[in-house]
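J.: I'll drop the sequence and a predicted model, then ask my questions.
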Amino acid sequence: MSARIFIPLDSAAVALGADDVAQAMAREALARGIALTITRTGSHGMHWLEPLVEVETPTGRTAYGPVKAADVPGLFDAKFLGGGKHGLSVGRVDDHPFIKPQTRLTFARCGRIDPLSIADYRAAGGLKGLAQALKLGPDAILAAVTASGLRGRGGAGFPTGIKWKTVKDAKAGQKYVVCNADEGDSGTFSDRMIMEGDPLAVIEGMVIAGIATGATKGFIYIRSEYPIAVGIMTRAIQHAREARLLGASVMDSPHAFDMEVRVGAGAYVCGEETSLLESLEGRRGQVRAKPPLPAHHGLFGKPTAVNNVISLASVPAILANGADTYKSLGTGRSLGTIPIQLAGNVKHAGLYEAPFGMTLGQIVMDIGGGTASGRPVRAVQVGGPLGAYFPPNLFDTPFDYEAFSAKDGLIGHAGVVVFDDTVDMLRQARFAMEFCAIESCGKCTPCRIGSVRGQEVIDRILKGIEVDAQIALLEDLCSTMKLGSLCALGGFVPYPVLSALTHFPEDFRARPRSLADVA
Amino acid sequence: MPATAWDETRAQAIIDAHKATDGAALPVLHALQAAFGFIADRAIEMVADTLNLSRAEVHGVVSFYHDFRRAPAGAHVLKLCRSEACQAVGADKLAAEVRGALNVDWHETTADGRITLEPVFCLGLCSCAPSAMFDGRPIGRADAKGLTALAQEKPMSGKA
């Protein structure tokens, strides 16, 4: 009998040497005359333990990590293929304190199955949602998705069921489903992880969206910074087509649906839905004014459901388990689970799926384990480059769309980036403006010009020139950008800037300094 | 990314292979850049003619997106993430060290033509920051020593 091990193919694991480990494992097994099957999987999300190697034993899978290629002979010596003890032993992943308390609905299979095996996918509960959708028909699907309380996980939090109903009710010969996989927010990687670790869940969600809305064609727009995800999604679509999950007759039903991958070209703003549609149509990714909504007048002028990857990947489980199960999780109007991504200077960096409602402090300190540097946490940016910086005295804020909004922040795509006490918050405010200036699509003046002026104003504060007057100017500029910008890029960049000013005013009045002081 | 010299017949074949695609401009430009390493002036004319767009429109698309180049890059492209999650663990310092060691600024190519250094805003490797990408290969917990070694001699395998 051949021994079987599992090594992630996830970009983060590969970035830490997973491909080298896989090669070393194959080489060592060959040298020792051991028949070894290596299955590449997604990641469980414990990235500080990557590359995490799991071994199939008679009592289940047991893990070792972080494994380097140089550790491989030692693991064989320790008889790890039989579950032998080694300095890198992690034990059963399911029993790990980072994994055990999670509620994995969307990420239920990620890290467990071969992402490109439809048989594995089906055996692990996949396609139950689609089978149920085919039984229910469009109206009952819409009712279930609406009743589940699912809101757009891209950041805007718009109810998915209502968006789909708008597309369904629009009259047109051709409709589209567009999956927004332009995950540009720093500190977020859940879209990437699910596309690499369970791409069939994304495809299943898109097919269900197609059936519900009457769309027969889908596009998944993936950012070019994710080459591994592009490759896996492309292959998964081919497999799905061969298995007749896509095509003229989805699972032998009268419904037709097919889809293709499109690759972005390095523009943050294309994560904004109308800019993404422009890009898909082959133009500059410039934002469109709304209305008309994409649900009425979207891709190529046709009614289009634009949904985030995680929103779509959450739908199969909602239909398989029922809307009531999903909405029984969470808090207030933030229902279901959210894959929280812990990043930056944090001890336990990775992905943690849980119902909404945990406090920010629990997330950063209990789950994240505080900073990786061991220094005190000073600031936490939630929701990407357009999200607010939270100080530890707001750690009692529950992870919930409305609760974050009430504290002048946003949960966005649920990225949580931790900074220790060496951070200079004036520099972070300046970076927000610099980023906006680099990535602005240029269509509206508050964003295009305001971001450049914002940098200049902050540079004067850095140098200690007329600080009070410049701070007043910065607040005024932020108000203009917030109220006057066409989309969330210019409109939300005041969140990081003003939160830095509100919660860390001392950094705006510190000694004069230049940008080069820290860099 | 082994790019080959400009070949008008091959370029036209690439454009023709994608021209029937809905919203063909980005797929065509990606394919041209993959083949030739950059988007030549002549390529913009040919794309415009084939897709029935004005040259200004195609130029507008090429210049909008960070990925498209108007001139060849060095033999290898090193991208360093400049975003917040990487900043939180020293990306600014790392970038300064790498720029110093390679003696280039952002978007520049080393004097020997080996390495083009580019900033990138997030590689989705925020949980193993600071992150980098060398010719499409992701690198986590990057350090200046590893990156400059990689830049001097591309190893067959092994983490930077």
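T.: In hand now; what should we look at? Model, not experiment: these values are computed from the prediction.
J.: C-alpha only now, for contacts and for neighbours.
T.: Noted.
J.: Mind checking if whichever strand in chain A runs longest is in reach of chain B?
T.: Scanning chain A for the strand with the most residues, using DSSP state E, yields strand A:337-344. Yes - Strand A:337-344 is in contact with chain B by C-alpha under 8 Å from any C-alpha of the partner chain, via A:Leu342, A:Ala343, A:Gly344.
J.: pLDDT and neighbour count added to those, as JSON lines?
T.: Formatted as JSON lines, those follow (pLDDT from 0 to 100; neighbours: other C-alpha atoms under 10 Å in any protein chain shown):
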{"residue": "A:Leu342", "pLDDT": "98", "neighbour count": "32"}
{"residue": "A:Ala343", "pLDDT": "98", "neighbour count": "37"}
{"residue": "A:Gly344", "pLDDT": "97", "neighbour count": "34"}
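J.: hang on, the earlier thing: next structured bit after the longest strand of chain A?
T.: Moving toward the C-terminus from strand A:337-344, the next helix or strand (DSSP states H and E) is strand A:350-355.
J.: what about that next one, near chain B?
T.: Yes - contact of strand A:350-355 with chain B (C-alpha under 8 Å from any C-alpha) involves A:Gly350.
J.: gap between that strand and the chain center?
T.: Strand A:350-355 sits 11 Å away from the centroid of its parent chain (C-alpha atoms, centre = their mean, to the nearest Å).
J.: circling back: the longest strand of chain A - which strands sit beside it in the sheet, and in what orientation?
T.: strand A:350-355 (antiparallel), strand A:415-420 (parallel) (DSSP bridges).
J.: Give me the contact list for that strand.
T.: A:103-105, A:187-190, A:326, A:329-330, A:348-356, A:364, A:368, A:414-419, B:84-89, B:126-129 (C-alpha atoms under 8 Å, 6 or more residues apart in numbering or on different chains).
J.: Output it as CSV, nothing but the C-alphas.
T.: Extracted in CSV, the C-alpha atoms of strand A:337-344 (Å, rounded to 0.1, in the frame of the first residue of the first chain):
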residue,chain,number,x,y,z
THR,A,337,-20.1,33.4,8.7
ILE,A,338,-17.3,35.6,7.6
PRO,A,339,-13.8,34.4,6.7
ILE,A,340,-11.6,36.8,8.7
GLN,A,341,-8.1,37.3,7.3
LEU,A,342,-5.3,38.0,9.9
ALA,A,343,-2.3,39.7,8.4
GLY,A,344,0.6,42.0,9.0
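J.: Tell me the predicted confidence for the residue nearest to A:Met25 when sequence neighbours are not counted.
T.: Residue nearest to A:Met25 in three dimensions, not counting chain neighbours: A:Val72, with 6.3 Å by C-alpha to C-alpha, 6 or more residues apart in numbering or on different chains. Here, the pLDDT recorded for A:Val72 equals 98.
J.: And stretch A:354-366, what's buried?
T.: For stretch A:354-366, burial by neighbour count (16 or more other C-alpha atoms under 10 Å in any protein chain shown) applies to A:Ala354, A:Pro355, A:Phe356, A:Gly357, A:Met358, A:Leu360, A:Gly361, A:Gln362, A:Ile363, A:Val364, A:Met365.
J.: Quick check: end-to-end length of it?
T.: 14 Å (C-alpha to C-alpha, to the nearest Å).
J.: again with stretch A:484-504
T.: 26 Å.
J.: Check whether that stretch comes near chain B.
T.: No - counting by C-alpha under 8 Å from any C-alpha, chain B has no neighbours in stretch A:484-504; the shortest distance is 11.2 Å.
J.: centre of the chain versus that stretch, how much separation?
T.: With C-alpha atoms, centre = their mean, you get 21 Å for stretch A:484-504.
J.: Buried residues, that stretch. List them.
T.: Buried residues in stretch A:484-504 (16+ other C-alpha under 10 Å): A:485-487, A:489-501, A:503-504.
J.: go on, stretch A:30-50?
T.: So, applying 16+ other C-alpha under 10 Å, buried residues of stretch A:30-50: A:36, A:38-50.
J.: Does A:Leu360 touch A:Asp396 like I think?
T.: Yes - using C-alpha atoms under 8 Å, A:Leu360 is in contact with A:Asp396, at 6.3 Å.
J.: where does A:Val72 land in three-state SS?
T.: Assigned state for A:Val72: helix (three-state reduction, DSSP: H, G, I helix; E, B strand; the rest coil).
J.: Please give me every residue in contact with the residue nearest to A:Met25.
T.: Taking C-alpha under 8 Å, 6+ apart, one finds A:Val21, A:Ala24, A:Met25, A:Glu28 in contact with A:Val72.
J.: what about the third one, neighbour count?
T.: By the other C-alpha atoms under 10 Å in any protein chain shown criterion, the neighbourhood of A:Met25 contains 23 residues.
J.: And it, how far from A:Pro51?
T.: Distance from A:Met25 to A:Pro51, by C-alpha to C-alpha: 12 Å.
J.: same question, the last one
T.: As defined by C-alpha to C-alpha, A:Glu28 lies at a distance of 17 Å from A:Pro51.
J.: Who has more neighbours out of those two?
T.: A direct count of neighbours by other C-alpha under 10 Å for A:Glu28 and A:Pro51 places A:Pro51 higher, at 30 against 16.
J.: show me the residues around the more buried one that make contact.
T.: A:Ile7, A:Pro8, A:Ala13, A:Val14, A:Leu16, A:Gly17, A:Ala18, A:Val21, A:Gly65, A:Pro66, A:Val67, A:Lys68.
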